[in-house]
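> sequence and predicted model, in that order:
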Amino acid sequence: DFERLNRLEVAAYRAAVIARFGPPPDGCALVFITNRHDFGIYRTLGLKVDAGAYRRDPSVAAYVEAAQDGLASWVEAGFAPPVRYDDGRAPAVDRDRIDDIVMGALLATRPDPLGRFPIPDFEILHRNLAAAYPRCAEAANRSLEETPV
């Protein structure tokens with residue numbers, strides 16, 4: 001089921017990049033890139049940048065500079081790996097929808113009941129995800145309200 005898992009991983013990586021660096025400003029976009037190879041088709045994440053916007057808008061150049069190297073680890077964005085590849089076993093997926101993956105990251109990075117974040121970077125990750133995925137943020141908040149203490 002490579003195609004489904006590949007799409008899920010790229011969508012999760014897109015959300016993780018947004019968590020770490022924020023949504024791309026006008027003039028650039030995180031895009032799925034289809035790559036054809038001898039062994040089939042796979043997808044990667046790319047950053048499409050309008051050359052004019054890059055020259056005119058310092059926020060575009062700053063975003064490109066910040067995001068160009070991507071993430072070294074899922075943990076940098078408060079995410080668990082969307083697919084686990086354990087030795088000799090079939091790939092394992094705990095959450096198979098991007099909304100569920102984003103909600104997991106929102107819940108992992110949420111503030112305590114007093115509004116404090118246990119790790120300073122969690123505030124950035126949480127704020128960026130909530131802005132880019134408002135429906136997920138609302139659902140995560142509802143799940144916290146419904147969970148007995």
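On my side now, so go ahead.
> could you pull out the helices for the chain?
Using DSSP state H, the helices of the chain run over 2-21, 51-56, 58-67, 98-108, 120-132, 134-146.
> of these, which is nearest I33?
Nearest of the helices of the chain to I33, taken as C-beta to C-beta: helix 2-21 at 8.7 Å. (C-beta placed from N, C-alpha, C; glycine too.)
> what's next to the closest one, contact-wise?
24, 30, 32, 40-45, 63, 66-67, 70-71, 74, 76-79, 82-83, 91, 93, 96, 98, 101-102, 105, 109, 124-125, 128-129, 132-133 (C-beta atoms under 8 Å, 6 or more residues apart in numbering).
> any idea which of the helices of the chain scores lowest on pLDDT?
Here those differ in mean pLDDT, and the lowest is helix 134-146 at a mean of 88.
> CA atoms only: put that helix into PDB for me.
Taking only C-alpha atoms (Å, rounded to 0.1, in the frame of the first residue of the first chain), the coordinates of helix 134-146 have been written out as PDB:
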ATOM      1  CA  PRO A 134      -8.600  25.500  12.600                       C
ATOM      2  CA  ARG A 135     -11.000  22.600  12.400                       C
ATOM      3  CA  CYS A 136      -8.400  20.300  13.900                       C
ATOM      4  CA  ALA A 137      -7.800  22.800  16.700                       C
ATOM      5  CA  GLU A 138     -11.500  23.000  17.500                       C
ATOM      6  CA  ALA A 139     -11.800  19.200  17.500                       C
ATOM      7  CA  ALA A 140      -8.800  18.900  19.800                       C
ATOM      8  CA  ASN A 141     -10.200  21.400  22.200                       C
ATOM      9  CA  ARG A 142     -13.600  19.600  22.200                       C
ATOM     10  CA  SER A 143     -11.900  16.300  22.900                       C
ATOM     11  CA  LEU A 144     -10.100  17.900  25.900                       C
ATOM     12  CA  GLU A 145     -13.400  19.300  27.200                       C
ATOM     13  CA  GLU A 146     -15.100  15.900  26.900                       C
END
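> how big is the angle separating that helix from helix 98-108?
Using axes from the mean of the first three to the mean of the last three C-alpha atoms, to 10 degrees, the inter-axis angle of helix 134-146 relative to helix 98-108 is 50 degrees.
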